[in-house]
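In: Just the structure for this:
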Amino acid sequence: VPGLRFLCLRASVKDGQVLAGHSLVITLGGEVPQLDSIPGVVGWEKNDKGQMGPKLANMRSSMDPVKLAEGSVDLNLKLMKWRLVPELNLEKVMKSKCLLLGSGTLGCGVARGLLGWGVRHITLVDNGKVSFSNPVRQSLFMFEDCLNGGKPKAVAAAERLKQIFPGVTAEGHELSIPMPGHPLSPATEGGV
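Out: Below you'll find the predicted structure:
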């Protein structure tokens with residue numbers, strides 16, 4: 001079929017806009033040879049109906065950034081197990097659920113450590129807001145979290161954990177937890 005045109009679409013997204021500037025249009029020219037039989041080529045095999053067809057491969061896991069991140073984290077954990085703690089049960093660690101009371105300096109560090117050791121379910125509880133002094137000391141906060149009175153610390157920390165590793169299930173709850181042995185005033189009872 002001389003004159004047949006193919007569009008080789010190469011779309012990319014930049015600044016929220018879809019671009020197709022690197023696409024090509026190829027025009028088929030010349031005579032197309034007529035084949036009496038299907039040549040033996042790699043990638044073709046008989047399908048369920050006994051007809052020759054292309055061999056399809058699902059490449060999703062090697063192209064999806066979230067799947068790539070999960071595979072990289074899993075490989076990292078296997079290497080840590082192999083080198084540091086051979087008796088570590090990675091499945092048990094990944095299925096563990098951790099509740100962190102406090103999203104300050106210690107809570108941020110512990111949450112990052114848990115993420116590094118493969119914990120995939122982290123819940124943070126804190127009643128504070130991110131202040132301007134927090135981002136330099138607490139690794140899960142950014143300057144933007146301080147603006148407009150500050151985001152709730154637990155919520156901001158959970159959001160950042162998801163940005164660091166999309167495979168984590170992280171939740172933040174704004175809740176006040178009274179210190180044991182300290183009296184509660186009627187004004188603070190509603191936030192507990």
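
In: which residue is nearest the centroid of this protein?
Out: Pro166 (2.1 Å; C-alpha atoms, centre = their mean).

In: wait, isn't it in contact with Lys67?
Out: No: contact criterion C-beta atoms under 8 Å: Pro166 and Lys67 do not qualify, at 9.7 Å. For every residue, glycine as well, the C-beta is placed using N, CA and C.

In: tell me which element Val49 is part of?
Out: Rather than Val, residue 49 is Lys. Assigned by DSSP states H and E, Lys49 belongs to no helix or strand.

In: ok, the residue of the chain most remote from its centre to Arg120 distance?
Out: Most distant residue from the mean C-alpha position of the chain: Asp36, 50.5 Å away (C-alpha atoms, centre = their mean). Distance from Asp36 to Arg120, counting by C-beta to C-beta, to the nearest Å: 57 Å.

In: any idea of the pLDDT on the spatially closest residue to Ser96 that is not a sequence neighbour?
Out: With C-beta to C-beta, 6 or more residues apart in numbering as the criterion, Ser96 has its nearest non-adjacent residue at 5.4 Å, and that residue is Val119. Looking at Val119, its pLDDT reads 94.

In: Give the full set of residues in contact with Val119.
Out: 93-94, 96, 98, 168 (C-beta atoms under 8 Å, 6 or more residues apart in numbering).

In: Now which of those residues would you call buried?
Out: 94, 168 (16 or more other C-beta atoms under 10 Å).

In: Looking at the contacts of Val119, which is nearest Thr188?
Out: Cys98 (26.4 Å; C-beta to C-beta).

In: check which helix or strand covers Ser133.
Out: Counting by DSSP H and E, Ser133 is found in no helix or strand.

In: That one: neighbouring residues, count only.
Out: 9 (other C-beta atoms under 10 Å).

In: With Val18 instead?
Out: Using other C-beta under 10 Å, Val18 has 8 other residues around it.

In: ok, and the closest non-adjacent residue to it?
Out: Closest to Val18 by C-beta to C-beta, 6+ apart is Ala11, at 5.7 Å.

In: Now for the one you found: which residues touch it?
Out: 18-20, 23.

In: gap between the residue nearest to Ser96 and Thr27?
Out: From Val119 to Thr27 the distance is 56 Å (C-beta to C-beta).

In: any idea where the helices of the protein begin and end?
Out: 60-63, 65-83, 90-95, 105-116, 153-164 (DSSP state H).

In: and the angle for the second one with helix 153-164?
Out: To tie it back to what came earlier, the one meant is helix 65-83. 90 degrees (axes from the mean of the first three to the mean of the last three C-alpha atoms, to 10 degrees).

In: What mean pLDDT does helix 65-83 get?
Out: pLDDT averaged over helix 65-83 gives 88.

In: Thanks a lot, see you next time.
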